[in-house]
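> Sharing a sequence plus its predicted fold:
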Amino acid sequence: MSIPKAELHLHIEGTLEPELAFALAERNGVTLPYASVDDLRAAQAFDDLQSFLDLYYACMAVLRTERDFEDLADAYLRRAAAQGVRHAEIFFDPQAHLSRGVGMGAVVDGLWRALSRSEETHGVSTRLIMCFLRDESAASAMETLELARPYLDRITGIGLDSAEVGHPPVKFREVYEAAAALGLRRVAHAGEEGPAAYITEALDVLGVERVDHGLRCMEDAALVERLVRERIPLTLCPLSNVRLRAVEALEEHPLPAMLDAGLMCTVNSDDPAYFGGYADDNFDAVRDHLGLGEDRLRELARNSFLASFLEDDEERRARYLAEVEAYEFPR
């Protein structure tokens with residue numbers, strides 16, 4: 001099922017498939033702590049978010065050059081296009097590369113080489129969102145924002161990711177204020193493993209316009225009412241939630257209840273190379289395991305474009321929405 005959709009919660013480093021990881025390791029003379037592609041895939045049985053992050057950062061060591069980031073982004077865009085993605089707002093984690101001696105220019109320029117030709121090559125429009133690692137210091141985040149200044153013509157917004165528990169949004173108040181002053185859009189991961197209170201804090205303190213994940217909003221009825229009233233989008237990642245044990249089984253995912261409550265939910269793939277599926281795989285999963293019918297699936301696709309940062313191109317957004325409405329589900 002490839003209904004036209006936007007992907008709004010996608011970490012480009014999380015699209016590093018084992019085959020590409022080994023190819024880049026050979027190209028760059030890096031030794032991975034895994035014997036083979038199959039060995040690496042077998043390591044993707046995660047207990048929680050931290051066990052995933054340990055593997056995620058180990059594999060990231062193969063990304064060294066501008067060409068590596070270009071190849072990574074191009075491989076994702078090719079897969080995304082095949083799964084009905086028409087627009088992608090792509091996260092990247094510069095601190096994870098800066099700490100390894102890879103410069104901001106290599107990361108942004110490499111990604112941009114793929115993104116700048118994406119419409120022509122893959123039929124996918126793009127935006128780039130720079131994320132801060134919340135388990136790093138606020139000072140490091142501010143330094144990263146300063147390093148990004150020469151590249152802000154290519155960066156649409158900022159986000160906040162990595163280990164959530166013990167790192168509340170308020171920690172990053174100043175860097176979000178600085179980013180807002182620069183005209184950058186603001187999103188943040190909240191309410192995945194952290195409490196519902198982190199979602200409220202991300203809204204009130206960081207001024208976020210979208211909440212990434214946001215699952216645990218359902219534990220706070222007043223927060224749900226606010227999210228509905230203010231039409232704050234939530235970028236849910238069902239297969240990721242199961243692989244990281246945020247929910248025990250897909251059948252237990254709160255997505256249907258969230259939609260019934262009037263929340264503006266979207267479905268995304270998060271780190272698809274690690275979590276068992278790209279955008280359309282997540283749509284198929286919620287259809288098959290949660291019993292979502294055509295109306296709900298169309299609503300999710302529609303929401304993805306409405307929640308996107310396409311305010312600078314409303315004609316494009318309208319065209320994508322028309323594609324959603326015209327889509328005929330296979331019989």
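Nice, thanks for sending it over.

> Stretch 80-89: how far from the chain's middle?
Averaging C-alpha positions (C-alpha atoms, centre = their mean, to the nearest Å) puts stretch 80-89 13 Å from its chain's average.

> outside of that stretch, which residues touch it?
1-8, 10, 76-77, 118, 122-129, 156-157, 278-281, 304-305, 308-310, 316, 320, 323 (C-beta atoms under 8 Å, 6 or more residues apart in numbering). In this view, the C-beta of every residue, glycine as well, is placed from N, C-alpha and C.

> Which ChimeraX command selects the buried ones in those residues?
Here is the ChimeraX command that selects only those of the contacts of stretch 80-89 that count as buried (16 or more other C-beta atoms under 10 Å):
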select :3,4,5,6,7,8,10,76,77,118,122,124,125,126,127,128,129,156,157,278,279,280,281,304,305,308,309,310,316,320,323
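
> In strands only, show me the contacts of stretch 80-89.
Counting by DSSP state E, the part of the contacts of stretch 80-89 found in strands is K5, A6, E7, L8, L10, S125, T126, R127, L128, I129, G157.

> Relative to Q95, which of these is nearest.
Closest approach between the ones in strands among the contacts of stretch 80-89 and Q95, by C-beta to C-beta: I129, at 14.1 Å.

> what's that closest one in contact with, if anything?
So I129 contacts E89, I90, F91, F92, I155, T156, G157, I158, G159, R185, V187 (C-beta under 8 Å, 6+ apart).

> Kindly recompute the last result at 7 Å.
E89, I90, F91, T156, G157, I158, G159, V187 (C-beta atoms under 7 Å, 6 or more residues apart in numbering).

> Run a quick neighbour tally on R67.
As a burial measure, R67 scores 14 neighbours (other C-beta atoms under 10 Å).

> can you tell me the helix or strand for it?
helix 66-82 (DSSP states H and E).

> and the helix or strand just after that helix, average pLDDT?
Reading on from helix 66-82 to the C-terminus, the next helix or strand found by DSSP H and E is strand 85-92. Averaged over strand 85-92, pLDDT sits at 98.

> does H11 really touch P272, like I thought?
No. Distance between H11 and P272: 9.1 Å, which falls outside the contact criterion (C-beta atoms under 7 Å).

> Point out where this protein drops to low pLDDT.
Applying pLDDT under 70 to the chain flags the ranges 1.

> circling back to that earlier point, mind putting the ones in strands among the contacts of stretch 80-89 in CSV, distance to L40 included?
Shown next, in CSV, are the ones in strands among the contacts of stretch 80-89 (distance: C-beta to C-beta, whole Å):
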residue, distance to L40
K5, 28
A6, 30
E7, 24
L8, 27
L10, 20
S125, 32
T126, 27
R127, 30
L128, 27
I129, 27
G157, 31
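
> Nearest to L55 among these?
The closest of the ones in strands among the contacts of stretch 80-89, once distances to L55 are taken by C-beta to C-beta, is L10, at 17.9 Å.

> Thanks again, I'm all set now.
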